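A.B. asks: quick one: sequence and predicted model below, then my questions.
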Amino acid sequence: MPSDANTAENYVETPKTLTELHAEIAAGRTRAADLAASYYERIAAVNPRLNVYLGLTKERAMEQAARVDAAAAKGDPLGPLAGVPVGIKDVLVMKGAPATAGSKILEGYRPPYDATPVSKLEAAGAVLLGKINCDEFAMGSSNENSAYGPVRNPVDTGRVPGGSSGGSAAAVAANMAVATLGTDTGGSIRQPASFCGVVGVLPTYGRVSRYGLIAFASSLDRVGPFAANVRDAATLLGVIAGYDPKDATSSPAPVPDYAAESDRPVEGLRIGVPAEYFGEGLDSEVRAAIEKGIESLKAAGCAVKPVSLPTTKYAIPTYYLVATAEASANLARFDGVRYGYRSPSSANLADMYRHSRDEGFGAEVKRRILLGTYALSAGYYDAYYLKAQQVRRLLAEEFLRAFAEVDAIVTPTAPMPAFKLGEKTGDPLAMYLADIYTVTASLAGICGVSVPCGTTKAGLPVGMQVLAAHLNEGTAFRVARAVEAARR
Amino acid sequence: MSAKVTVDDVQRVAELANLELTPDESGHMVHDLNAILDYVAQLNELNTAGVTPLAQIGELKGAGGVSLLRPDVKEPSLDRAAVMAQAPETDLVFFKVPKVIER
């Protein structure tokens, strides 16, 4: 699997599926405490090279593992994730554990509460191993914007794992957790899943609570799982999804049994292929892998047909205006007053704000705050921010029309496989274009899955993006399962 | 759209955002912002006259979205001591900051 023999030792056997793991733990054949301990050993061995974990929550994990083992011993019913070791992207808060968001400005911050997805995982029996590296405030496409150093791609350590949830994807790829949580604002789950060869899920906007997520762009931010296979990812989403009164945009729609939905055959499903996602800039090996994946869907009985999404080309400019505008407002809260970093050298309050933010934020975060502030400032608001919101509606309505004709849309997740560390850091615009196929679903609020679909000649993973209509995750999982099954 | 951003513009926006940029940083930001703004100018190709801006997915018909506010009732909040303990400087009742008024 890995092209670089030096990285081969990063791999151990693919973990058991959640169903198998659950049976092992319930029967007492595997103890949750032993499993957690073995993952901590593995993390200690591999982390110095991959830089995935920023902090471990051992005490909390071992307490939870002991609870699971005690319940299993008594024959008590176990949650669907009983004993499953899970890592958490460090933009979701865990009570008492340092939360950094990959930024120096949150140095020393230990949040006094748990994010809702974190509490839900734990209530389902998951053992939370620790906090995982990411781009600063989830702003980036390569994980190189973390103030704590880049994560390396386990498949080839000279390459990026993608971003911003690069650490969460790498953790699953390198078996440093059975599953992880990430967040996706413009592609931050799907693109790293593609780069690292794992499954990543973008739930419908509102499907998973954002309570306890350190905000980047609130109308776009979503929390979703990574796993080694589609069915496990579906199980994870079922656990973290659901209405939460603490998030005003949380959906009250009932949560289906996603794992069961993913088991349903795809025969007869209508699959749309938009030409706009196969144009200039698409790597030829990525294209070949996706076309092969589409053939496998035809072979499984899907009706594949072209769909037209002509507004796609405007998605990146629209996204970077909307996201930065919201970010400039959200990040105003980091001022050195209530938590995190305060510059020690300030004579007055105004200086304290400026120095703390200047010393605490990295270059990309400052760039986006400035762009967003500019787009919202007097004289430019209509031309930039309002215009972008209008195009956002056109993009979203275009998807709604397409989903009247097809059940799912398949595209490449990213135009290229994992690129080299440092390859795009000098050119922010080139970096933004790594998100060209993912920002559309972000703006439209629809759901999607990135599923491994092939590899390049050099052994780099290629992910296929399966998109489905709002609250139609079950269909995306079914299609992703079929693509996955065709490769096995 | 597509106005050229100058060093003065960047400085003004930095001030609005409570950021202090070194002259070197300002230079880089002028370059980057102009490149990004040139790129986003392609939105001008689209006629959006009469299109209602979409700020939230909940406003999109057919998206299954909602905008529900929870009932306005008093609920227990986070423990004050736990929250104040996170502050860089505090007397555990108030946040302390450097001098606000010069005299």
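C.D. replies: Yep, that arrived. Numbers count the residues shown, from 1 in each chain, chains lettered A, B, ... in the order given.
A.B. asks: where's the residue nearest the centre of chain B relative to chain A, distance?
C.D. replies: To find the centre residue of chain B, average its C-alpha atoms and take the closest one (Cα atoms, centre = their mean): that gives residue B:17, at 7.9 Å. Counting by Cβ to the nearest Cβ, to the nearest Å, the separation of residue B:17 from chain A is 4 Å. Every C-beta, even on glycine, is put in place using the N, C-alpha and C of the backbone.
A.B. asks: residues in contact with that residue?
C.D. replies: For residue B:17, the contacting residues are A:328, A:332, A:357, A:369-370, A:373, by Cβ atoms under 8 Å, 6 or more residues apart in numbering or on different chains.
A.B. asks: any low-confidence regions in the chain?
C.D. replies: Because you didn't say which chain, this covers chain A. Scanning chain A for pLDDT under 70 picks out the ranges A:1-15.
A.B. asks: actually it's chain B I care about, not the one you picked
C.D. replies: Applying pLDDT under 70 to chain B flags the ranges B:1-3, B:64-68.
A.B. asks: quick one: the helices in chain B?
C.D. replies: Counting by DSSP state H, chain B has helices at residues B:7-16, B:23-40, B:80-84.
A.B. asks: what residues sit buried inside the first one?
C.D. replies: Applying a neighbour-count criterion of 16 or more other Cβ atoms under 10 Å in any protein chain shown, the buried positions in helix B:7-16 are B:9-11, B:13-14, B:16.
A.B. asks: ditto for the last one
C.D. replies: Counting neighbours by 16+ other Cβ under 10 Å, one finds that the buried residues in helix B:80-84 are B:83-84.
A.B. asks: where does that helix sit relative to the chain's centre, distance-wise?
C.D. replies: Between the mean C-alpha location of helix B:80-84 and the chain-wide mean there is a distance of 26 Å, by Cα atoms, centre = their mean, to the nearest Å.
A.B. asks: so does that helix get close to chain A?
C.D. replies: Yes. Helix B:80-84 lies within reach of chain A by Cβ under 8 Å from any Cβ of the partner chain, at B:82-83.
A.B. asks: and for that helix, what's in contact with it?
C.D. replies: Contact partners of helix B:80-84, identified using Cβ under 8 Å, 6+ apart, comprise A:112, A:338, B:90, B:92-93, B:95.
A.B. asks: dump it to PDB, restricted to CA.
C.D. replies: C-alpha atoms of helix B:80-84 as PDB (Å, rounded to 0.1, in the frame of the first residue of the first chain):
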ATOM      1  CA  ARG B  80     -18.700  30.800  37.400                       C
ATOM      2  CA  ALA B  81     -15.500  29.700  39.200                       C
ATOM      3  CA  ALA B  82     -14.700  27.300  36.400                       C
ATOM      4  CA  VAL B  83     -15.200  30.000  33.700                       C
ATOM      5  CA  MET B  84     -13.300  32.700  35.600                       C
END
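A.B. asks: tell me the helices and strands packed up against the host helix or strand of residue A:49.
C.D. replies: For residue A:49, the enclosing helix or strand under DSSP states H and E is helix A:32-50. Applying 3 or more Cβ pairs under 8 Å, 6 or more residues apart in numbering or on different chains; DSSP states H and E, one finds that helix A:32-50 contacts strand A:53-56, helix A:58-74, strand A:85-89, strand A:127-132.
A.B. asks: name the helices or strands packed onto the shortest one?
C.D. replies: Put plainly, it is strand A:53-56. For strand A:53-56, the packing partners by 3+ Cβ pairs under 8 Å, 6+ apart come out as helix A:32-50, strand A:127-132, helix A:166-173.
A.B. asks: pull the distance from that strand to the chain's centre.
C.D. replies: Here the centre of mass of C-alpha atoms in strand A:53-56, compared against the chain's by Cα atoms, centre = their mean, lies 17 Å away.
A.B. asks: tell me how far the residue nearest the centre of chain A lies from residue A:203.
C.D. replies: The central residue of chain A, meaning the one whose C-alpha is nearest the mean C-alpha position (Cα atoms, centre = their mean), is residue A:189 at 2.3 Å. Going from residue A:189 to residue A:203 by Cβ to Cβ, to the nearest Å gives 9 Å.
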